[in-house]
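Asks: got a predicted structure here, sequence first:
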Amino acid sequence: MDLKIVGYLALGLSASVAFLYVAEQAGNRNSEAAFDVLRFGLIGAALIYVGFASLAKEWDWVLNVELGGVLLYGIFCILSKVHSKYWLAVGWAAHPFWDLFHLFDNGANFVPEWYIWACASFDVACAAYIAKRLQRPEKTTER
């Protein structure tokens with residue numbers, strides 16, 4: 001594996017530590033708050049690609065592909081709120097495939113390679129965190 005890619009993956013993992021710390025701190029006050037932070041993060045991860053395509057003035061790509069990604073990951077967020085939080089883990093676990101898709105076709109023209117790899121490792125860390133967090137017993141507050 002190219003050392004450059006290893007560095008990009010490490011960058012994504014480093015960023016995920018900070019993001020997951022924020023989610024964990026929110027979760028210490030209210031368990032649902034941690035999942036809300038993670039939901040907003042997943043939508044944000046999809047919206048960043050809209051930004052890249054928009055900056056490159058790839059309007060057909062924005063409308064046909066990137067906004068579809070926002071819709072798709074929004075559905076995972078809604079499912080996680082209405083049905084099971086595991087849907088949020090599935091959404092984050094699916095997002096690296098969205099990232100890597102951008103290495104090919106038109107996405108490679110406007111998304112920096114470093115971002116694709118960093119985002120992929122960030123996503124995997126978030127999915128793993130959610131799966132692990134869902135295994136914890138819920139904290140109860142005594143009165």
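Replies: Happy to help now that I have it. Numbering: from 1, shown residues only.
Asks: just the element for the closest residue to residue 13 other than its chain neighbours, please.
Replies: Nearest non-adjacent residue to residue 13, counting by CB to CB, 6 or more residues apart in numbering: residue 121, 5.0 Å away. In short, each C-beta sits where N, CA and C put it, glycine included. Per DSSP states H and E, residue 121 falls inside helix 113-135.
Asks: and the helices in the chain, which stretches?
Replies: Applying DSSP state H to the chain gives helices spanning 3-29, 31-55, 59-61, 67-82, 86-101, 113-135.
Asks: mean pLDDT lowest for which of those?
Replies: Of all the helices of the chain, the minimum mean pLDDT falls on helix 59-61 (a mean of 85).
Asks: how about the residue nearest to the spatial centre of the chain, what does it touch?
Replies: The centre of the chain sits closest to residue 42, judged by CA atoms, centre = their mean, with a distance of 3.9 Å. Residues near residue 42 by CB atoms under 8 Å, 6 or more residues apart in numbering: 73, 76, 77, 88, 91, 92, 95, 126.
Asks: could you do residue 114 as well?
Replies: Counting by CB under 8 Å, 6+ apart, the residues that residue 114 touches are 8, 11.
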